[in-house]
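Trainee: From the sequence below, what's the structure:
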Amino acid sequence: MKANEIRAELLRRNITVKSVAEALGIKHPSVSQVIYGVKRTPYIREYIASKVNKPVSDLWPEQEQA
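Mentor: Numbering: from 1, shown residues only. As a prediction, this is how the structure comes out:
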């Protein structure tokens with residue numbers, strides 16, 4: 001998925017980047033960087049994927065997890 005599609009999917013579920021960051025105890029730029037593919041932090045990807053009920057590979061197919 002593209003970053004804007006991931007963000008839209010979160011918003012459809014009333015989940016903001018800020019709320020993801022707060023739940024994980026991190027700053028919201030880190031979440032945005034993962035959504036946009038700048039960072040590949042597995043636990044952030046897994047959390048986002050769980051919130052939109054999709055596998056990580058569906059959200060970031062071009063970037064296989066290391």
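Trainee: got the contact list for the most centrally placed residue in the chain?
Mentor: Nearest to the geometric centre of the chain sits I48, at 4.0 Å (C-alpha atoms, centre = their mean). By C-beta atoms under 8 Å, 6 or more residues apart in numbering, the residues touching I48 are 6, 10, 20, 31, 34-35, 59. Placement of C-beta: from N, CA and C, glycine included.
Trainee: With distance to I44 added, can I get those residues in JSON lines?
Mentor: JSON lines is the format used below for the contacts of I48 (distance: C-beta to C-beta, whole Å):
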{"residue": "I6", "distance to I44": "12"}
{"residue": "L10", "distance to I44": "12"}
{"residue": "V20", "distance to I44": "8"}
{"residue": "V31", "distance to I44": "6"}
{"residue": "V34", "distance to I44": "4"}
{"residue": "I35", "distance to I44": "9"}
{"residue": "L59", "distance to I44": "11"}
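Trainee: nearest to T41, of those residues?
Mentor: Set against T41, the nearest of these by C-beta to C-beta is V34 (5.5 Å).
Trainee: Quick check, the closest one in contact with R45.
Mentor: Yes - assessed by C-beta atoms under 8 Å, V34 is found in contact with R45 at 5.9 Å.
Trainee: Those two - which one has more neighbours?
Mentor: Taking neighbours as other C-beta atoms under 10 Å, V34 and R45 compare with V34 leading, 25 against 19.
Trainee: sorry, back to before: mind checking the backbone torsions on the residue nearest to the centre of the chain?
Mentor: Main-chain dihedrals, I48, degrees, to the nearest 10: phi -60, psi -50.
Trainee: Tally up the residues packed near the nearest residue to L59 once chain neighbours are set aside, please.
Mentor: Counting by C-beta to C-beta, 6 or more residues apart in numbering, M1 is the residue found nearest to L59 once chain neighbours are left out, at 5.1 Å. Counted by other C-beta under 10 Å, the residues lying close to M1 total 16.
Trainee: Thank you, goodbye.
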